[in-house]
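Sequence and predicted structure, then a few things I'm wondering about:
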Amino acid sequence: METKTRGGPESPQDRRDRIRRQRRLGVLSELSTRLALGRAISLRGGGALSVPVYREFWLASIVSNIGSWMQMVAQGWLILQLTDSAFYLGLVGLMRAIPALSITLVGGVLADRVDRRRMLLFTQATAGLLALLLGLLDLFGVVAIWHILVIAFASAAVMALDNPTRQALVPDLVGKENIPSAVGLNSAAWNGAAVVGPALAGLLVAAVGTAGAFLLNGASYVAVLWVVGRMPPQPPKGNVRESIAQNLAAGLRYMRGDPRIWGLMLVIGVATFFGRPYLQFMPVFAQDVLGTGPTGYGVLMAANGIGALAGAIAVAPLGASRRKGELLILITALFGASLLLFAGSRWYLPSLLLLVLVGAAQTLNMGLTNTLLQLTVPGELRGRVMAAYTLVPMGLMPLGQLLVGSLGARTTVPVAVALGAGVVTLFSLAAAWALPAVRKMP
């Protein structure tokens with residue numbers, strides 16, 4: 001396959017346009033950072049942030065999450081520049097899905113059987129080394145698409161162990177009374193970084209290339225390693241007398257027997273598989289649909305992040321309210337409808353505004369589901385249930401990306417995204433009467 005050359009001459013007009021976009025992006029990034037930090041400081045006096053060990057872990061996670069978002073944005077742009085193919089964007093999703101689908105549930109069992117602190121030290125160190133490897137390959141000009149595929153596979157395998165452990169650890173740090181606050185803060189840490197990370201990545205890609213984003217991401221893991229290394233040991237919570245297979249079977253029986261649990265998994269599963277792949281194809285929307293470059297791409301990702309941050313901030317108060325099940329279904333319908341409108345937009349400013357709404361709705365979908373699960377599941381089974389929860393974005397979203405990439409190659413990416421958004425919207429309407437156990441959750 002013939003690949004596109006990276007770089008090229010820049011006309012004076014293109015340079016002036018790029019400088020104007022960078023200035024706008026800088027203002028957006030500064031405003032969003034102040035919003036995220038201001039909200040964090042205002043919450044410090046109570047809730048989960050009143051627990052010192054969690055507060056340190058949360059702040060370190062923000063640093064690491066910014067790096068992760070930088071790599072996500074830069075990697076999508078690098079793939080498009082190497083191949084000019086939406087199919088390869090979807091194929092990277094498949095490489096992430098294979099270990100996620102095969103390892104995550106085992107990762108949940110391990111999260112209940114081993115010291116969760118030691119597990120996080122291993123996974124975070126390994127993820128950082130993989131990011132540095134990709135950065136060095138890109139820096140020396142030898143990176144190829146197969147390198148990206150292999151590193152994506154290895155990184156997903158590491159995250160299949162990391163995510164269930166992280167989800168199960170947080171309630172141990174903050175206590176059950178602070179779970180809604182912690183869920184909202186964790187989501188804010190990820191989605192606040194979704195504002196800053198893409199903005200920085202857009203500037204870095206335009207200024208020095210994609211390698212800078214990968215290398216900075218690798219360095220960002222140092223913050224989490226330092227904080228986790230200072231945590232007290234976390235003794236196993238599960239039944240270590242049983243085998244891993246027996247532990248896994250017990251967790252699956254529990255989830256299958258509770259209609260609230262499998263109903264929540266179904267809601268988030270449909271939204272993730274059919275709706276959330278849109279983010280992987282943002283380079284296509286930026287370049288081919290909206291006619292913008294890497295800086296404009298970064299602004300699009302930042303707009304999505306602003307909405308996601310707003311949704312994350314709303315998780316804590318909504319998670320403490322009543323009738324959360326009904327609210328979850330309503331938010332899922334809003335996610336599908338707003339994504340359908342975004343897929344049909346051909347103008348930059350309306351697309352930015354719609355991405356804010358899309359980001360807020362999909363974050364609330366995840367955050368409310370997480371809160372309901374954490375409040376419902378007993379502690380000795382939390383690792384296994386939260387493994388199934390993390391399996392949804394880690395496993396189903398990459399498979400959805402592959403489906404959208406394949407369908408987009410046959411039609412167009414906007415058509416593929418619109419079809420998925422339509423499925424999410426119709427499912428939400430049906431779930432209002434087909435999933436009474438979820439709808440009635442307080």
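Yes, it's here.

where are the low-confidence patches of the stretch 301-442 of the chain?
By pLDDT under 70, the low-scoring segments of the stretch 301-442 of the chain are 319-320.

Can you show me the helices along it?
Remark: helices assigned in the stretch 301-442 of the chain by DSSP state H, counting those that start in this stretch are 324-344, 348-376, 382-391, 397-410, 413-434, 436-439.

Most tightly packed of those helices?
helix 382-391 (a mean of 26; mean count of other CB atoms under 10 Å). Where you see a C-beta, it was placed from the backbone N, CA and C, and this is true even at glycine.

Can you tell me which helices and strands it packs against?
Contacts defined by 3 or more CB pairs under 8 Å, 6 or more residues apart in numbering; DSSP states H and E place helix 382-391 against helix 86-113, helix 145-174, helix 244-257, helix 259-270, helix 348-376.

What helices and strands are in contact with the helix or strand following the shortest one?
Proceeding C-terminally, helix 259-270 gives way to helix 282-284 as the next helix or strand, assigned by DSSP states H and E. For helix 282-284, the packing partners by 3+ CB pairs under 8 Å, 6+ apart come out as helix 52-83, helix 86-113, helix 294-319.

Kindly recompute the last result at 10 Å.
helix 52-83, helix 86-113, helix 294-319, helix 397-410, helix 413-434 (3 or more CB pairs under 10 Å, 6 or more residues apart in numbering; DSSP states H and E).

ok, back up a step: quick one, which of the helices of the stretch 301-442 of the chain gets closest to residue 106.
Closest to residue 106 of those is helix 382-391 (CB to CB; 8.0 Å).

Just the CA trace of the closest one, in CSV.
Taking C-alpha atoms only, helix 382-391 is exported to CSV below (Å, rounded to 0.1, in the frame of the first residue of the first chain):
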residue,chain,number,x,y,z
ARG,A,382,-16.2,-5.8,43.5
GLY,A,383,-13.1,-6.6,41.6
ARG,A,384,-14.9,-9.1,39.4
VAL,A,385,-18.0,-7.0,38.8
MET,A,386,-15.9,-3.9,38.0
ALA,A,387,-13.8,-6.0,35.7
ALA,A,388,-17.0,-6.7,33.7
TYR,A,389,-17.7,-3.0,33.8
THR,A,390,-14.3,-2.1,32.5
LEU,A,391,-14.5,-4.9,29.9
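
between that helix and helix 259-270, how big is the angle?
30 degrees (axes from the mean of the first three to the mean of the last three CA atoms, to 10 degrees).

Just name the most buried of the helices and strands packed on helix 282-284.
Taking mean count of other CB under 10 Å, helix 294-319 is the most buried of the helices and strands packed on helix 282-284, at a mean of 25.

Please tabulate the helices and strands packed on helix 382-391 in JSON lines and include distance to residue 398 as additional columns.
Output for these, formatted as JSON lines (distance: least, CB to CB, whole Å):
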{"stretch": "helix 86-113", "distance to residue 398": "3"}
{"stretch": "helix 145-174", "distance to residue 398": "8"}
{"stretch": "helix 244-257", "distance to residue 398": "22"}
{"stretch": "helix 259-270", "distance to residue 398": "13"}
{"stretch": "helix 348-376", "distance to residue 398": "16"}
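
Go through those helices and name the closest to residue 226.
For the helices and strands packed on helix 382-391, distance to residue 226 was read as CB to CB. The smallest value, 16.0 Å, belongs to helix 145-174.

Out of the helices and strands packed on helix 382-391, which is closest to residue 206?
Nearest to residue 206, of the helices and strands packed on helix 382-391 and by CB to CB, is helix 348-376 at 17.0 Å.

for the closest one, the distance to its chain's centre please.
11 Å (CA atoms, centre = their mean, to the nearest Å).

follow-up on the earlier one: for residue 300, which of the helices and strands packed on helix 382-391 is the nearest?
Using CB to CB, these put helix 348-376 closest to residue 300, at 6.2 Å.

how much does that closest one deviate in direction from helix 324-344?
Using the same axes, to 10 degrees: helix 348-376 against helix 324-344 is 160 degrees.
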